[in-house]
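Asks: only the shape, not the letters, is given here:
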């Protein structure tokens, strides 16, 4: 797989188009002329930031909150974390692309919902040896107070590319694999502990997709210890999403009471990484 970043739309070359207006997330991922992202085939929660992000192949949820809005302080419903956190819709401050378009780095200054600040340093690169694209994120608390970092990476795949034979394959499942149309009804999701391999990473694959392709996603399990997945086939929406997450599926008060909201103090950093490839 020869992949380049922000390459021209050439059916003979795989390429990734970044969204510089939204944290250098991935607007589209084109493989052999086919864009894996869902595009307009998505549901809307009424937040234009997320409508734009969800239409792309990858968007980042966090760094101060993941999933749906919740109160910032207990008992104060008026102040809430935004849908999927504060990062989505934040433009990049600085980017640099290598001459061969296989490395791109960026910095994103994030205003957190509670008034704090954070800096996200992103490094995207094509690993030719592993035939995959890797994202490495470094999150720094640049504010005056502490906050518990929360991150989730949504890799969104067009449901039209999956068929009756398509399976989700991962050692995180006791049975090893399951049908991509999991759960009941038009929409479903699950969140399970990620099985950690000897290298400290976890993996999940979706195959076969149209043309016999296999999408494999790997993620660092120390800071992304949960595998969440979501699908929606409702109305015009047709999407399935692979979502490595920092926290299990629970409300913030429950996570806090269980000691799972670890604080990032001013000046401290947290790192995350994931990789994906199509074969």
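Replies: Noted; the coordinates are in hand. These numbers were taken from a predicted model, which means no experiment stands behind them. Numbering: from 1, shown residues only.
Asks: show me what the residue nearest to residue 266 when sequence neighbours are not counted is bridged to.
Replies: Closest residue to residue 266 apart from its sequence neighbours, by C-beta to C-beta, 6 or more residues apart in numbering: residue 141 at 5.3 Å. Every residue, glycine included, has its C-beta placed from N, CA and C. Beta bridges link residue 141 to residue 118, judged by DSSP bridges.
Asks: what of residue 177?
Replies: According to DSSP bridges, beta-bridge pairing links residue 177 with residue 169.
Asks: so who does it touch?
Replies: 167, 168, 169, 170 (C-beta atoms under 8 Å, 6 or more residues apart in numbering).
Asks: please pull out the lowest mean pLDDT helix or strand from this structure.
Replies: Lowest on mean pLDDT, DSSP states H and E among the helices and strands of the chain sits strand 76-80, with a mean of 81.
Asks: which parts of stretch 247-263 are buried?
Replies: Buried residues in stretch 247-263, defined by neighbour count with 16 or more other C-beta atoms under 10 Å: 247, 252, 255, 261.
Asks: can you tell me what sits against that stretch?
Replies: So stretch 247-263 is contacted by 65-67, 70-71, 74, 146-150, 189, 191, 193, 226, 228 (C-beta under 8 Å, 6+ apart).
Asks: would you point out the most distant pair within the residues you listed?
Replies: 146 and 189 (30.0 Å; C-beta to C-beta).
Asks: wait, which of the buried residues of stretch 247-263 is closest to residue 130?
Replies: Nearest to residue 130 among these is residue 247, at 27.8 Å by C-beta to C-beta.
Asks: A helix includes the closest one, no?
Replies: No - per DSSP: H, G, I helix; E, B strand; the rest coil, residue 247 lies outside any helix segment and is coil.
Asks: about what we covered before: just the buried ones from the contacts of residue 177?
Replies: 168, 169, 170.
Asks: leaving out sequence neighbours, find the closest residue to the last one.
Replies: Think residue 170. residue 204 (3.9 Å).
Asks: all helices of this protein, in order?
Replies: Using DSSP state H, the helices of the chain run over 48-54, 252-257.
Asks: give the buried residues for stretch 136-152.
Replies: For stretch 136-152, by 16+ other C-beta under 10 Å, it's 136, 137, 139, 140, 141, 143, 147, 148, 149, 150, 151, 152.
Asks: so what's the last one up against?
Replies: Remark: with contacts taken as C-beta under 8 Å, 6+ apart, residue 152 is in contact with 60, 61, 62, 66, 67, 84, 228, 243, 244, 245, 246.
Asks: any idea which of these is closest to residue 279?
Replies: residue 244 (19.7 Å).
Asks: ok, the closest one to residue 21 distance?
Replies: As defined by C-beta to C-beta, to the nearest Å, residue 244 lies at a distance of 24 Å from residue 21.
Asks: between these two, who's got more neighbours?
Replies: Taking other C-beta atoms under 10 Å, residue 244 and residue 21 do not tie; residue 244 has more neighbours (27 against 13).
Asks: just checking, that one touches residue 219?
Replies: Yes - between residue 244 and residue 219 there is a contact under C-beta atoms under 8 Å: 4.0 Å.
Asks: okay, and the common contacts of those two?
Replies: 153, 194, 202, 274.
Asks: ok, for the first one, nearest residue in space, not its chain neighbours?
Replies: It refers to residue 153. That would be residue 244: by C-beta to C-beta, 6+ apart, it lies 5.2 Å from residue 153.
Asks: and the last one, by the same measure?
Replies: The shortest distance from residue 274 to any residue that is not its chain neighbour, by C-beta to C-beta, 6+ apart, is 4.1 Å, and that residue is residue 219.
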